[in-house]
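Participant: Can you look at this prediction? I've put the sequence above it.
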Number of protein chains: 2
Amino acid sequence: MSSTTSPPPLNRRLDPDARRRQLLEAGFEMIQTRPFTQVTADEVAKAVGVSKGLVFHYFPTNRDLQVAVVRVAAAELLSRLNVDPELPAEQRLGAGLDAFVTFIETQPANYLAVARSVGSDPALLAVFEETRAAVVDLILAAIGLAGDPPPGLRIVFRGWIAMVEESVLHWLEGSPVSRDQLLGFLQRAAAAMLPDALVTFARPPEAGVAS
Amino acid sequence: MSSTTSPPPLNRRLDPDARRRQLLEAGFEMIQTRPFTQVTADEVAKAVGVSKGLVFHYFPTNRDLQVAVVRVAAAELLSRLNVDPELPAEQRLGAGLDAFVTFIETQPANYLAVARSVGSDPALLAVFEETRAAVVDLILAAIGLAGDPPPGLRIVFRGWIAMVEESVLHWLEGSPVSRDQLLGFLQRAAAAMLPDALVTFARPPEAGVAS
């Protein structure tokens, strides 16, 4: 065990769970300013003050480390989106949207890297799919449709999330509209789509095929 | 030159442009049934009946070949989206939407691979960005706003395209709504957003910051 034969110079008393958490926190800190693909065992070791071997003990490859850091970021996103359940639906959706956009804004390089390259790795794609499904669950809960949403409503909100993501990423590249204009527009778009989606997708699919 | 020292068994008279086109057509054929990452010089050589060396003469690496095939697919998409300019705006948008969805439907594995992994390669990302910008141009032309669209309108349509893409990819995984229901919904969503976008983004950004 590298942790006993060459003890790290700092924090040597941490138990495995705490150590793992500490390494992931250092990685999460790094993706605030650069894409996850640039998080390496070497850099995390330096940031925490432990040996590279110790990092590899927890994450056998750099890619394992990177996927684990993306997973931490996804959990952080979900926790921020899970706003006060006592708020009325519209405010809850608005607060969630604001939190989502803030999350993208605080780590744009990393968010872009994740959004545009998850398909290159099955482990990353799994994190992406789980996270997007969980965001849809939060939205459905916010608008009071968590139990048994009409078929198709998940598709609509997956689409809306993709629209938010793409709009914000494009807006961050430098655009002549304000944050409030963009968020207001995106929230009204969701509100405008919802009644149509509820009506359209309440019908069985056969009814639509004939038209 | 491999083409003179070991002439391919077939089509040996093709000039370089025609040969290149022939190789790319074989690659494009392949991505109808599998992701572009599975297109290789070896397989293209077999499909066309030439030596692998000849394919590498035109595309030095498998990745060069794959990016060129994705570029062909992007050009094909744009040509299909460019529907009859004499149609009224609504029908033109509807026909373009249908063509876009048909394009995704005919090569779902490849479309998903491209959409989810372009960020892993700068050359691929460039094709993606150029194509998405060109699709926005086509939409703006379809609705008669090609000249000088209000600031922010490009963002809105980039967002709408992302919504269409994401909805369709999710729908293809097996969903209880019909194609007509989905396309009707997506087109009405665009129509519902547009007036709001025109009003919201016609204001200078400062006006929105205060709210």
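Facilitator: Nice, thanks for sending it over. Here the structure is a predicted model, which means the values were calculated and not measured.

Participant: what packs against the helix or strand containing residue A:180?
Facilitator: Using DSSP states H and E, residue A:180 maps to helix A:179-200. Judged by 3 or more C-beta pairs under 8 Å, 6 or more residues apart in numbering or on different chains; DSSP states H and E, the packing partners of helix A:179-200 are helix A:89-106, helix A:153-172, helix B:153-172, helix B:179-200, helix B:205-209. Just so you know, the C-beta spots here come from the backbone N, C-alpha and C atoms, and that holds for glycine as well.

Participant: Now with 6 Å, please.
Facilitator: Where contact means 3 or more C-beta pairs under 6 Å, 6 or more residues apart in numbering or on different chains; DSSP states H and E, helix A:179-200 is packed against helix A:89-106, helix A:153-172, helix B:179-200, helix B:205-209.

Participant: Ok, which of those helices comes nearest residue B:154?
Facilitator: Across the helices and strands packed on helix A:179-200, residue B:154 has its closest neighbour in helix A:153-172 (7.4 Å, C-beta to C-beta).

Participant: Up against chain B, what does chain A have?
Facilitator: Residues of chain A lying close to chain B by C-beta under 6 Å from any C-beta of the partner chain are A:113, A:116-120, A:151-152, A:155, A:158-159, A:162-163, A:166-167, A:170-171, A:175-178, A:180-181, A:185, A:188-189, A:192-193, A:196, A:200-201, A:205, A:208-209, A:211.

Participant: quick one on the thing from earlier: by how many degrees do the helix holding residue A:180 and helix A:89-106 diverge?
Facilitator: 130 degrees (axes from the mean of the first three to the mean of the last three C-alpha atoms, to 10 degrees).

Participant: For the residue most central in space within chain A, give me the pLDDT.
Facilitator: Geometric centre of chain A, nearest residue: residue A:74, 3.7 Å, by C-alpha atoms, centre = their mean. Model confidence at residue A:74, given as pLDDT, is 96.

Participant: how would you label the residue nearest to it when sequence neighbours are not counted: helix, strand or coil?
Facilitator: Residue nearest to residue A:74 in three dimensions, not counting chain neighbours: residue A:131, with 4.3 Å by C-beta to C-beta, 6 or more residues apart in numbering or on different chains. Recorded secondary structure, residue A:131: helix (DSSP: H, G, I helix; E, B strand; the rest coil).

Participant: thinking residue A:131 is in contact with residue A:72, fair?
Facilitator: No. Residue A:131 is not in contact with residue A:72 according to C-beta atoms under 6 Å; the separation is 11.6 Å.

Participant: Comparing these two, which residue is more hemmed in?
Facilitator: More crowded of residue A:131 and residue A:72, by other C-beta atoms under 10 Å in any protein chain shown: residue A:131, with 21 against 17.

Participant: Look up how far residue B:112 lies from that one.
Facilitator: Using C-beta to C-beta, to the nearest Å, one gets 17 Å for the distance from residue A:131 to residue B:112.

Participant: Per-residue pLDDT of the closest residue to residue A:185 other than its chain neighbours, please?
Facilitator: In this structure, residue A:185 finds its nearest non-sequential neighbour in residue B:200, 4.9 Å apart by C-beta to C-beta, 6+ apart. With respect to pLDDT, residue B:200 has a value of 87.

Participant: Using CSV, write down the CA coordinates of the host helix or strand of residue A:22.
Facilitator: Using DSSP H and E, residue A:22 sits within helix A:16-30. Output in CSV follows, covering the C-alpha atoms of helix A:16-30 (Å, rounded to 0.1, in the frame of the first residue of the first chain):
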residue,chain,number,x,y,z
PRO,A,16,-9.9,6.6,2.9
ASP,A,17,-13.3,8.2,2.5
ALA,A,18,-12.1,11.6,3.6
ARG,A,19,-9.0,11.3,1.5
ARG,A,20,-11.0,10.4,-1.6
ARG,A,21,-13.3,13.4,-0.9
GLN,A,22,-10.3,15.7,-0.5
LEU,A,23,-8.8,14.6,-3.8
LEU,A,24,-12.1,15.0,-5.6
GLU,A,25,-12.6,18.5,-4.0
ALA,A,26,-9.2,19.5,-5.4
GLY,A,27,-10.3,18.2,-8.9
PHE,A,28,-13.6,20.0,-8.6
GLU,A,29,-11.7,23.2,-7.8
MET,A,30,-9.6,22.7,-10.9
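
Participant: ok and the helix or strand that comes right after it relative to helix A:16-30, angle-wise?
Facilitator: Per DSSP H and E, the first helix or strand lying C-terminal to helix A:16-30 is helix A:41-48. Between helix A:41-48 and helix A:16-30, the angle comes out at 100 degrees (the same axes, to 10 degrees).

Participant: any weak-confidence spans in chain A?
Facilitator: A:1-12, A:203-211 (pLDDT under 70).

Participant: Next, the angle from the helix holding residue A:180 to helix A:153-172.
Facilitator: 160 degrees.
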